[in-house]
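Following is a predicted model, sequence given first.
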Amino acid sequence: MPNDKNSTDPDIRAIAGRVLDELWNNRDLGVIDRHFSSEIVTYVPLPGQPVIKGIPGLKDLATQMFVALPDLARRTHEVIGQGDKVLVRGELTGTHRGALMGIPPTGLPTRLPEHVILRFERGEIVEMWQQADYLGVLAQLGVTPPEGASPLGTIAHTVKTVGRFGALIVKDKLAQRKKAQAR
């Protein structure tokens, strides 16, 4: 039921925008405990990513994103609400410094336009869907062949990418080892 001026229901549009901002920009994992149901179901269309059920899985996803993109920032462009659902259109940006979707750190900047739909019950978020341009991120990281590549060019790009990722994996492991030795 839509909120009106006489309603005692929380303003889910305001909550939705604030929750995403606090989570991604402030790195506040506590926002998940405060605003998400313990039975939260999250649908994130990452390659090989199953449906995430519960708060621990959602916190794990957020933590992985903070490691992959330590300078992660989120900007909201629009918030639309109707009934028990809110759509938040925005984008995530950051520099790829840790494994992301199985891709070793490239040091490249990324921009991920996204639409997040949150469904509320009794003031808590019980379901979350994300639709985002992950193919665009793969292109930004140099994973996909350049536009207009010939079949041979696609094969050459794939071989080059595998070699580049192998070198990046070794570089990352050496950096981790060096960091561990410095402690």
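Cool, got the structure.

which ones are touching Val19?
Counting by CB atoms under 8 Å, 6 or more residues apart in numbering, Val19 makes contact with 31, 35, 118, 125. For glycine as for every other residue, the C-beta is placed from the backbone atoms N, C-alpha and C.

Next, the residue lying closest to the second one once chain neighbours are set aside: secondary structure please.
Yep, that's His35 we're talking about. Take His35 and drop its neighbours on the chain: the residue closest to it by CB to CB, 6 or more residues apart in numbering is Val19, 4.9 Å away. Under DSSP: H, G, I helix; E, B strand; the rest coil, the three-state class of Val19 is helix.

Now do the contacts for the most centrally placed residue in the chain.
Taking CA atoms, centre = their mean, the centroid of the chain lies closest to Met65, which sits 6.1 Å from it. Met65 sits next to 24, 72, 92 when contact means CB under 8 Å, 6+ apart.

Least confident secondary structure element in the protein?
helix 151-182 (a mean of 81; mean pLDDT, DSSP states H and E).

And that one, what's buried?
For helix 151-182, a neighbour-count test (16 or more other CB atoms under 10 Å) marks 157, 161, 165, 168, 172 as buried.

Nearest to Val143 among those?
Here the nearest of these to Val143, counting by CB to CB, is Thr161; it sits at 6.2 Å.

show me what contacts that closest one?
142-143.

how far away is it from Thr110?
Separation of Thr161 from Thr110 (CB to CB, to the nearest Å): 16 Å.

what residues go with each domain of this protein?
Under the assignment automatic domain parsing, the domains of the chain span 12-144, 147-183.

lowest-confidence stretch among these?
Lowest mean pLDDT within the domains of the chain: domain 147-183, a mean of 81.

what about that one, distance to the chain center?
22 Å (CA atoms, centre = their mean, to the nearest Å).

so where do the strands sit in this structure?
36-43, 52-53, 73-82, 85-95, 109-121, 124-132 (DSSP state E).

Let me know which of those is the nearest to Asp11.
strand 73-82 (8.4 Å).

Now do that closest one: which elements does it pack against?
Using 3 or more CB pairs under 8 Å, 6 or more residues apart in numbering; DSSP states H and E as the contact test, the elements touching strand 73-82 are helix 12-26, strand 85-95.
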